[in-house]
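[1] Dropping a prediction and its sequence here:
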Amino acid sequence: MKILLVEDDRTIASGLEYSLRQEGYTTILCHNKETATKIVTELMKEIDLFLFDLSLPDGSGYDLCELVKKQGDKPVIFLTAFDDEVNVVMGLDMGADDYITKPFRVRELLSRIKSVLRRYNKQAQTSNHIDIANVRINTTEGKVYKNGQEILMTALEYRLLLIFANHIGQVLTRNQLLERIWDVAGDFVNDNTLTVYIKRLREKLEDNPQKPRLIQTVRGLGYKVGD
């Protein structure tokens, strides 16, 4: 899990960064709005949760929260020295998921982070669609769309794509893919047949099947759906 921490008090920031890393989180640390804005713009997809101090030397955590929520549904927690109702309501109305008032215990913050992440994970698991670049898989309908247009697929093509979609960014070996297809289809699928199905998926989903970006080959390992 990767967290963007934006805190202008360097002493507080250093302590929080250390504690987050001790808990196994990868942390990106910023001390002002300008730097944080650049990171949100460039690395939004890589970050799992945002911790924003409300009062920054060149702006407000509100502005950063608004930027995040415009780009996607990612969790935001505010760190604030203000505990009045106006500030709390304003932050929550903007889409913030939680806030914690300074001074606070690190264990309490870590508990809030885990709670928010659990909530988002549950929402993701109950969602009826999976988006990968310009491809959407509607798991309720069992249909696949590219740029809003339905792509017709065989049952095995759909199952293979769904396997990739549930392991985004992970490399799956050919044996792992064959085992998963065998379990569901109940039919014998050999290595050559797998190659044919991956070729078909690329022809249906890639903008340029000769230079695949969605379903990538990792030499000597297997395949993965790009992040």
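    Right, received. Where do you want to start?

[2] in the chain, which spans are strands?
    2-6, 26-30, 49-53, 55-56, 59-60, 76-80, 98-101, 129-132, 135-138, 143-146, 149-151, 215-218, 222-225 (DSSP state E).

[3] tell me the most buried of those?
    The highest mean neighbour count among these, using mean count of other Cβ atoms under 10 Å, belongs to strand 49-53: a mean of 25. (Each C-beta comes from the backbone N, C-alpha and C, glycine too.)

[4] Need the pLDDT of the nearest residue to residue 31 once chain neighbours are set aside.
    Distances taken as Cβ to Cβ, 6 or more residues apart in numbering place residue 8 nearest to residue 31, at 5.1 Å, with adjacent residues excluded. pLDDT recorded at residue 8 is 93.

[5] do the same with residue 33
    95.

[6] wouldn't it be in contact with residue 64 here?
    Yes - using Cβ atoms under 8 Å, residue 33 makes contact with residue 64 at a distance of 6.4 Å.

[7] When the two are compared, which one has more neighbours?
    residue 64 (25 against 22; other Cβ atoms under 10 Å).

[8] leaving aside the residues next to it on the chain, what's closest to that one?
    That would be residue 52: by Cβ to Cβ, 6+ apart, it lies 5.1 Å from residue 64.

[9] Show me the beta-bridge partners of the one you found.
    Beta-bridge partners recorded for residue 52 (DSSP bridges): residue 6, residue 78.

[10] Name all residues that make contact with it.
    When contacts are counted by Cβ atoms under 8 Å, 6 or more residues apart in numbering, residue 52 touches 6, 36, 61, 64-65, 76-79.

[11] Which two of the residues you listed have the greatest separation?
    With Cβ to Cβ as the measure, no two of the contacts of residue 52 lie farther apart than 36 and 77, at 14.1 Å.
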